[in-house]
Structure formats: structure tokens, C-alpha cells
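Undergrad: After the sequence you'll find the predicted model.
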Amino acid sequence: MKILIADDDPVSRRLLEATLVRLGHSVAAFADGPHAAAALLEPDGPRLAILDWMMPGADGLEVCRQLRQRTNPYVYVILLTSRNRREDMVAGLAAGADDFLKKPFDTVELAARLRSGERVIALQERLRHEATHDQLTGLWNRRMILDHLDRQLARAAREHSSISVLIADLDHFKQINDTHGHPAGDTVLIEAASRLPSVLRVYDAMGRYGGEEFLIVLASCSLDVAMEIADRGRLAVSQEPVRVAGLELDITVSVGVAWSECGDDTATRLIQAADDALYQAKAAGRDRVSRAPRPGERFTPIVQMRDYALAPAPQAGLSYAPGPGERFRSS
């Protein structure tokens with residue numbers, strides 16, 4: 001595990017660093033509070049820190065306070081100190097410290113306290129994942145994919161760039177559940193959730209929107225490219241049967257596409273437009289792609305039936321990014 005240490009005493013810092021390396025950890029070492037805080041506040045910064053109480057610029061308590069102003073990701077903090085008064089311990093805990101290590105430290109005690117910190121971090125990560133991902137498919141849940149859409153719309157408005165939204169809905173899903181049971185339906189959902197992202201670009205995002213529906217957000221994406229990605233996803237889902245309990249189930253998906261030229265739409269309007277287009281695809285026979293009309297156009301389903309090679313497109317890749325939603329449609 002990568003551990004950040006901060007201590008202005010070079011001898012103490014090097015001793016602690018050498019001990020941590022010997023215990024199998026990688027170390028980022030700093031001599032003052034401001035540099036340590038900046039490193040810990042990075043999105044991919046270390047998740048465990050050992051901070052000296054007294055440091056120039058910002059002491060260990062101030063670094064703790066800065067970290068606790070941010071909720072995620074959680075950083076487990078051990079304060080390194082020679083202080084042992086009750087009021088000092090209370091002050092450290094009030095600032096946000098998780099544990100204390102007395103100077104000069106004992107290696108066995110250090111290792112034990114690190115194991116405790118690693119358990120807390122693992123639990124925090126599990127809870128964070130459960131709060132942001134759909135339990136069945138592993139995709140982002142409804143709240144997370146909608147949050148992502150809001151962020152991408154704000155970015156598109158700032159940069160005057162396009163954004164597209166897809167709603168993909170499995171065809172005849174209720175019939176699968178009614179005929180073969182809900183475990184079979186779960187298997188179909190899991191398989192569809194693994195096939196659809198294979199056609200996305202690395203910066204696209206997909207989440208389970210509700211029931212058998214998936215919401216896909218395509219940043220900086222023109223309508224033509226969005227239609228192609230949607231149809232490649234349609235073909236990826238139906239390319240081979242899903243095997244369930246000795247059976248081979250053919251599955252298909254219908255996709256509705258909506259597009260905003262410069263991010264000047266709301267998430268609600270874009271999703272409604274994609275949903276309306278999806279209904280058009282269902283009404284036109286399913287297993288097809290339909291787009292929302294441009295301003296002034298009549299609403300006519302645009303059906304894509306080209307034979308794309310299903311090898312990943314340039315810059316394609318998995319993009320899992322949010323729980324189950326409330327909406328269920330007649331398949």
C-alpha cells in the first residue's frame with residue numbers, strides 16, 4: 001500500500017520511510033504540512049498517512065482538518081507525536097485523526113496500527129462502491145450516471161461542445177423473466193451490461209438506469225457518431241445467444257438517441273428525448289436505433305442495420321462508471 005509520511009525531522013523521516021519499505025509499503029515522503037496536504041487531496045493520492053504533529057507551514061492537525069472537509073476518498077490518518085496528555089489526544093481526534101503513534105515508534109506497534117488502518121480503508125472502499133454501483137451488473141447506479149450527465153452537460157456548455165445520450169432497453173425482457181424465471185433475467189442483464197460497454201470510447205460512461213434500461217453518456221460526440229455507437233452496441237448485444245441453464249436465449253436491444261449541439265439542454269430534456277426515441281424504436285419493431293428529431297424535423301425512427309465489425313473502434317474501451325431505477329417499461 002502507498003503511504004504518505006510527513007515529518008520535518010530528516011532523520012526521523014528517513015527512519016520511518018525505511019521501516020515502511022521493509023514492511024512492504026511504497027512511500028511518499030514530505031517535510032512539511034502544505035506539500036503533504038496537497039498530495040493527499042489529489043484524487044489518486046495515498047489513502048493512508050502518517051503525519052508528525054508539529055510541522056512547518058501546517059501542523060498535523062491542520063492537515064487533518066483539510067482532509068476532513070472532503071468526504072471521498074477517505075484518508076486514514078495516524079498522528080506521530082511524543083505528546084500523551086488526554087487533552088492532546090482529544091484535540092487530535094477532534095481534528096480528524098484516526099489513530100496515534102508515539103515517538104520514537106515501535107516497529108511491531110507501527111505494523112499493527114497500519115493493519116488496522118488498511119481494514120478501515122477496505123471497508124470504506126466497499127461502502128463507497130456499494131453506494132455508487134449497481135449490485136447486479138457492476139455498472140454505475142442511477143444516481144451516479146445522472147450526476148455524470150449533469151457534469152458533462154456543464155462541461156459541454158463551457159466548451160460549446162456536443163453531447164449525446166443513449167437509452168438502451170432490452171427487448172422482450174418481461175417475457176424472459178416470465179418464461180425462464182428471474183435468475184435467467186439477471187443473467188441476461190449481466191451479459192448485456194458486459195457487451196454494451198465494449199463499443200464505447202474510453203471517456204464514455206454507462207450506468208443502469210432502471211430495470212432493463214441502461215443510460216449511456218457520450219461526451220464530445222456528434223449525432224452521426226452517437227448513432228454509429230448505438231448501433232454497434234445493438235449488434236454487440238445480439239451477436240450471440242446468452243447461455244442460461246442449458247438454454248440459449250437470443251437477446252436484442254432497442255436504443256433511443258438524443259443529442260445536444262453545445263450542451264444547452266437540461267438532463268431531463270435530453271433523457272426525455274432519448275426515451276421518446278426509444279419508444280419509437282420499440283413501436284417500429286424493436287432491435288433497432290431511433291433518434292430524437294432535430295429542431296423542425298418530424299419524428300421518424302432512423303433505423304441502423306449495418307454490419308459493423310465488432311472489434312473495438314478507435315479509442316474504444318470499457319467505461320464502467322452508477323442503483324437500480326424505478327422505471328419499468330413494457331418490453
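TA: Alright, I've got the coordinates.
Undergrad: any idea where the helices of this structure begin and end?
TA: Secondary structure of the chain (DSSP state H): helices located at 10-22, 33-40, 60-68, 86-95, 107-132, 142-159, 173-180, 182-195, 223-238, 267-283.
Undergrad: Tell me which of those helices sits nearest to Gly207.
TA: helix 142-159 (2.8 Å; CB to CB). For every residue, glycine as well, the C-beta is placed using N, CA and C.
Undergrad: Can you give me the buried ones in the closest one?
TA: 142, 144-149, 152-153, 156 (16 or more other CB atoms under 10 Å).
Undergrad: Okay, angle between it and helix 267-283 too, please.
TA: 110 degrees (axes from the mean of the first three to the mean of the last three CA atoms, to 10 degrees).
Undergrad: which other helices and strands contact helix 142-159?
TA: strand 163-170, strand 205-210, strand 213-219, helix 267-283 (3 or more CB pairs under 8 Å, 6 or more residues apart in numbering; DSSP states H and E).
Undergrad: Any idea how far that helix is from the middle of the chain?
TA: On the basis of CA atoms, centre = their mean, to the nearest Å, helix 142-159 sits 13 Å off its chain's mean C-alpha point.
Undergrad: Stretch 171-189 now?
TA: 27 Å.
Undergrad: cool, stretch 278-287 as well?
TA: 30 Å.
Undergrad: quick revisit: any idea which of the helices of the chain gets closest to Val289?
TA: It is, among the helices of the chain and with distance given as CB to CB, helix 223-238, at 4.6 Å.
Undergrad: low pLDDT regions in the stretch 151-300 of the chain?
TA: Applying pLDDT under 70 to the stretch 151-300 of the chain flags residues 294-300.
Undergrad: Go through stretch 227-241 and flag the buried ones.
TA: Quick answer for stretch 227-241 (16+ other CB under 10 Å): 227-238.
Undergrad: would a markdown table of the residues you listed with distance to Val202 be doable?
TA: Below are the buried residues of stretch 227-241 laid out as a markdown table (distance: CB to CB, whole Å):
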| residue | distance to Val202 |
| --- | --- |
| Met227 | 20 |
| Glu228 | 17 |
| Ile229 | 13 |
| Ala230 | 18 |
| Asp231 | 20 |
| Arg232 | 15 |
| Gly233 | 15 |
| Arg234 | 21 |
| Leu235 | 20 |
| Ala236 | 16 |
| Val237 | 20 |
| Ser238 | 24 |
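Undergrad: closest to Glu62 among these?
TA: Using CB to CB, Ile229 comes nearest to Glu62 of these, at 47.6 Å.
Undergrad: Count the residues that sit near the closest residue to that closest one other than its chain neighbours.
TA: Among residues not flanking Ile229 along the chain, Val199 sits closest, at 5.8 Å (CB to CB, 6 or more residues apart in numbering). Using other CB atoms under 10 Å, Val199 has 25 neighbouring residues.
Undergrad: From Leu80, how far out is Val199?
TA: Remark: distance between Val199 and Leu80 (CB to CB, to the nearest Å) = 50 Å.
Undergrad: Ala205 too?
TA: Distance from Ala205 to Leu80, by CB to CB: 40 Å.
Undergrad: in the chain, what residue sits furthest out from the centroid?
TA: Using CA atoms, centre = their mean, the residue of the chain lying farthest from its centre is Arg85. It sits 42.7 Å away.
Undergrad: Mind pulling the model confidence for that residue?
TA: Per-residue pLDDT puts Arg85 at 87.
Undergrad: Next, work out how far apart Ile176 and Gln280 are.
TA: 23 Å.
Undergrad: One more: Ala154?
TA: Counting by CB to CB - Ala154 and Gln280 are separated by 29 Å.
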